[in-house]
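Novice: attaching a predicted model along with its sequence, questions to come.
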Amino acid sequence: MSSFGFTPNNGDDEKSPDDSNNSSNSGPFGFNNFGEIFQQFSGMGLNLQGLLASLSGQASPSALSQQMIRDISRKYLSAHGELPVSVQDLVATQEAFNIADLWINDATTFPTLVISESCALSRRDWIDSTLAGWEELTKPLVEGMSHAMSEMLNDSLGTEDNSESAPSFSIPGFGNMNISKSSIASIMGTFMSSLISTQLGQTIGNLSTTVTGANDVALPLTSPIRPQLIPQNVAAWGKDLEIPEAEVRIYLALREVAAARLFSATPWLRHYVRDAISLYGKGIRVDITAITQQAEDAMSSGDLDPSNPESMTLALSGGMFTPEETPQQRAALERLETVLALIEGWIDAVVTKAAGDRLPSMIKLRESQQRRRATNSPTQQLFATLVGLEVSPRRTREAITFWEKVVELKDIQSRDQIWDEAVLLPTGEELLDAEAFLKSRTIPDDLSGLI
């Protein structure tokens, strides 16, 4: 691959032969490397002129494009098909929710929620209703990448100089266009935002064909929180199980109601998950040298095809731009994995207790759900794609056992009180010994001393 890159342009066409190699004009990564990665990004779909034009009046180049996410997810959905919600679907779903809501009353202290008339969703409805929630949860990743790009530029190009004499940089191959460092930062921020928007859109589109309800991903995504099922996906979930469709629908309605009650009763949980993602995003660092080498290797092996922009998403999914994790990032991922396991474990424990012996196929339904979570979890798909997080099935099993043990040692109210404040949640290690946890977390009436 030929080497070319940024050249400082101060309006002086008289340059010495050694200017291109002058160490004073290059940072730790060098202009050549940075220019080369721009050239490669161009081959992967980066429209430099278009991005520059789009920056005019743009408040935040790191903002996710909700329209892009929606369009990509709908495009994916169109390729897989969807069915409209029929009157029969709506009636059957409402009946399942009425039964589930009644049963759940015996298994949790969290208050009941109104079952809305729109309790049955199409796949497209699910995309539209959860889009704002997805954007809110993943925004910290874009902000982290944008900040990392700014830091990398400061290292490579020096501290920003806003005076009229501040140098601009010409980019060979783009009509020798002169642009400032701030514009370069905006371009890269916009490009990274576009990449994550593309990834998120494809992930949401894929999830829309498999999730069974609004809360099936075990994350608070909608506002207001309400239990809703996707009849088309409910039917697909129960296919080949040889279990009556009504039983499958009630079981999945139980999971929806349990999750909705939990999320509605814990408004802090949405911010808790977002903060964990934000802590991870703040630790992102960019190594242009490493990215350049990875891009070269990917193009040489055929994993990345410049004529196919979609291969960029595949490269990202394969970890091409996965940063080296810092101790702070690992701690953030540990915190995120634990709370996701606690959510899933609580839902399973509550549903199991609520169903009791009322569902003849309960054991088979539960085993099917656990297999699905272990091999094709919606949450696993999302976080594995975006941050490389593996939500361990073992951790989820530990959480289920933990919640069941708390009820055995105390009662349902004591179990649900653990969700009163984030500081009361167990760590990954504390999941292994519920009895010791309860002794160390005597929950007082006044929580102020724990904050």
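Specialist: Ah, there it is. Quick caveat, the model's predicted, so the values are computed rather than measured.
Novice: now the helices for the stretch 51-200 of the chain?
Specialist: 66-80, 87-104, 123-157, 181-207 (DSSP state H, counting those that start in this stretch).
Novice: repeat for the stretch 201-350 of the chain
Specialist: For the stretch 201-350 of the chain, the helices defined by DSSP H, counting those that start in this stretch occupy 231-238, 245-265, 268-282, 288-301, 310-317, 327-355.
Novice: for the chain, where's the lowest mean pLDDT among helices and strands?
Specialist: The helix or strand of the chain with the poorest confidence is strand 7-9; it has a mean of 34 (mean pLDDT, DSSP states H and E).
Novice: now do the contacts for the closest residue to residue 206 other than its chain neighbours.
Specialist: Leaving aside its sequence neighbours, residue 206 sits nearest to residue 76 (Cβ to Cβ, 6 or more residues apart in numbering; 6.2 Å). For glycine as for every other residue, the C-beta is placed from the backbone atoms N, C-alpha and C. Each residue near residue 76 by Cβ atoms under 8 Å, 6 or more residues apart in numbering is listed here: 201, 202, 205, 206, 208.
Novice: now for the third one, how many residues are close by?
Specialist: Other residues near residue 205 number 23, with proximity taken as other Cβ atoms under 10 Å.
Novice: what sits against it?
Specialist: Residue 205 is in contact with 72, 73, 74, 75, 76, 77, 127, counting by Cβ under 8 Å, 6+ apart.
Novice: ok, 6 Å please
Specialist: Under the criterion of Cβ atoms under 6 Å, 6 or more residues apart in numbering, the neighbours of residue 205 are 73, 76, 77.
Novice: do you know how far it is from residue 402?
Specialist: For residue 205, the distance to residue 402 equals 34 Å [Cβ to Cβ, to the nearest Å].
Novice: for the second one, same thing?
Specialist: For residue 202, the distance to residue 402 (Cβ to Cβ) stands at 34 Å.
Novice: what about the stretch 1-150 of the chain, any weak spots by pLDDT?
Specialist: Low-confidence segments of the stretch 1-150 of the chain (pLDDT under 70): 1-63, 149.
Novice: wait, residue 90 touches residue 120, no?
Specialist: Yes. Counting by Cβ atoms under 6 Å, residue 120 is a contact partner of residue 90 at 4.6 Å.
Novice: those two: who's more crowded?
Specialist: Using other Cβ under 10 Å, the more surrounded residue of residue 90 and residue 120 is residue 120, with 26 against 15.
Novice: you'd agree the more buried one is up against residue 91?
Specialist: No. The pair residue 120 and residue 91 fails to qualify as a contact (Cβ under 6 Å) at a distance of 8.9 Å.
Novice: could the C-alpha coordinates of stretch 95-102 be exported in PDB?
Specialist: Extracted in PDB, the C-alpha atoms of stretch 95-102 (Å, rounded to 0.1, in the frame of the first residue of the first chain):
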ATOM      1  CA  GLU A  95     -56.100 -12.900  27.500                       C
ATOM      2  CA  ALA A  96     -52.600 -14.100  28.200                       C
ATOM      3  CA  PHE A  97     -51.600 -10.900  29.900                       C
ATOM      4  CA  ASN A  98     -54.700 -10.900  32.100                       C
ATOM      5  CA  ILE A  99     -53.800 -14.400  33.300                       C
ATOM      6  CA  ALA A 100     -50.100 -13.500  33.700                       C
ATOM      7  CA  ASP A 101     -50.800 -10.300  35.600                       C
ATOM      8  CA  LEU A 102     -53.000 -12.200  38.100                       C
END
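Novice: quick check: nearest residue in space to residue 116, chain neighbours excluded?
Specialist: Per Cβ to Cβ, 6+ apart, closest to residue 116 is residue 226, 5.3 Å.
Novice: which one of the helices of the stretch 201-350 of the chain lies nearest to residue 97?
Specialist: Taking Cβ to Cβ, helix 245-265 is the member of those nearest to residue 97, at 5.1 Å.
Novice: so where is the stretch 351-451 of the chain shaky, pLDDT-wise?
Specialist: For the stretch 351-451 of the chain, the ranges with pLDDT under 70 are 376-382, 384-390, 442-451.
Novice: what are the boundaries of the helices in it?
Specialist: For the stretch 351-451 of the chain, the helices defined by DSSP H, counting those that start in this stretch occupy 362-376, 378-387, 393-409, 412-417, 434-440.
Novice: list the helices and strands the last one packs on?
Specialist: The one in question is helix 434-440. helix 393-409 (3 or more Cβ pairs under 6 Å, 6 or more residues apart in numbering; DSSP states H and E).
Novice: so which bits of the helix it packs on are buried?
Specialist: Residues of helix 393-409 classed as buried: 393, 395-400, 402-407 (neighbour count, 16 or more other Cβ atoms under 10 Å).
Novice: and stretch 414-428, end to end?
Specialist: Length of stretch 414-428, first residue to last, Cα to Cα, to the nearest Å: 19 Å.
Novice: revised request: answer the last question for stretch 236-250.
Specialist: First-to-last residue span, stretch 236-250, Cα to Cα: 15 Å.
Novice: check contacts around residue 414.
Specialist: Counting by Cβ under 6 Å, 6+ apart, residue 414 makes contact with nothing.
Novice: for the residue nearest to residue 116, what are phi and psi?
Specialist: Residue 226 adopts backbone torsions of phi -150, psi 150, taken as degrees, to the nearest 10.
Novice: now do it against residue 148, distance only.
Specialist: Applying Cβ to Cβ to residue 226 and residue 148 gives a distance of 37 Å.
Novice: ok, now residue 91?
Specialist: Distance of residue 91 to residue 148, computed by Cβ to Cβ: 51 Å.
Novice: can I get the helices of the stretch 351-451 of the chain in CSV with distance to residue 342?
Specialist: Output for these, formatted as CSV (distance: least, Cβ to Cβ, whole Å):
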stretch, distance to residue 342
helix 362-376, 14
helix 378-387, 12
helix 393-409, 5
helix 412-417, 11
helix 434-440, 12
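Novice: to residue 109, which of the ones you listed lies closest?
Specialist: Comparison of the helices of the stretch 351-451 of the chain against residue 109 by Cβ to Cβ identifies helix 412-417 as nearest, at 4.7 Å.
Novice: would you mark the buried spots in the closest one?
Specialist: 412, 415, 416, 417.
Novice: I'd like the residues you listed as JSON lines, with distance to residue 326 appended.
Specialist: Shown next, in JSON lines, are the buried residues of helix 412-417 (distance: Cβ to Cβ, whole Å):
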{"residue": "412", "distance to residue 326": "40"}
{"residue": "415", "distance to residue 326": "35"}
{"residue": "416", "distance to residue 326": "35"}
{"residue": "417", "distance to residue 326": "34"}
